[in-house]
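Q: Mind looking at a prediction? Sequence and model below.
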Amino acid sequence: MITKASIAKFSRTLSTSFSAGIPILSSIQTSAKTADNLFYQQVITSIHTDIVAGVPIHLAMRQANAFPEMVLQMVMIGEESGTLDDMLNRVASIYEAEVDNTVDNLGKILEPFIIVFLGTLVGGLVVAMYLPIFNLMTVIG
């Protein structure tokens, strides 16, 4: 989930910067800083170094071994067709939707455990409150 969120942030930032007219090398440097994951910051920095050396973006990303095949294919298509910003936007949308779906499912999975925990806690409190009363009744009666 953290990986998908990092890829989504990277793709969204790179797409927005590139579509705003910022040169691709500056956009990549900027988007490296937005990735909250240290691993992806280092990978994006190495991609920047490869691109400066003249390697196409999709090949630099492939050499980094940090991006899924779908992302690499979308970047390659965007590079070849001249619609890199649109393809990166699509990648970001896909991964943001997957992260949202995962978080929603995680909440649905944790909900029964939270209910059982709270039920046990409340039941324990009720027993702790009434146990002295029942002990007192047995002593008196």
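A: Yep, that arrived. Because the structure is predicted, anything quoted here is derived from the model rather than measured.

Q: which helices and strands does the strand or helix carrying residue 135 pack with?
A: Secondary structure assignment for residue 135, by DSSP states H and E: helix 84-140. Where contact means 3 or more C-beta pairs under 8 Å, 6 or more residues apart in numbering; DSSP states H and E, helix 84-140 is packed against helix 2-19, helix 69-81. C-beta here means a position set from N, CA and C on the backbone, and glycine is covered the same way.

Q: quick one: contacts for residue 27?
A: 13-14, 17-18 (C-beta atoms under 8 Å, 6 or more residues apart in numbering).

Q: what secondary structure does residue 66 sit in?
A: Look at residue 66: counting by DSSP: H, G, I helix; E, B strand; the rest coil, its state is coil.

Q: burial count for the residue nearest to it when sequence neighbours are not counted?
A: Nearest residue to residue 66 in three dimensions, chain neighbours excluded: residue 43, at 4.4 Å (C-beta to C-beta, 6 or more residues apart in numbering). Residue 43 has 22 neighbours, counted by other C-beta atoms under 10 Å.

Q: Hmm, residue 63 and residue 43 touching each other?
A: No. Residue 43 lies out of contact with residue 63 (C-beta atoms under 8 Å); the separation is 9.9 Å.

Q: which stretches of the protein have low pLDDT?
A: 141 (pLDDT under 70).

Q: on that earlier part again, closest to residue 133 out of the contacts of residue 27?
A: Ranked by distance to residue 133 (C-beta to C-beta), the contacts of residue 27 are led by residue 13 at 62.6 Å.

Q: And the closest one, how far from residue 40?
A: Distance, residue 13 to residue 40, by C-beta to C-beta, to the nearest Å: 12 Å.
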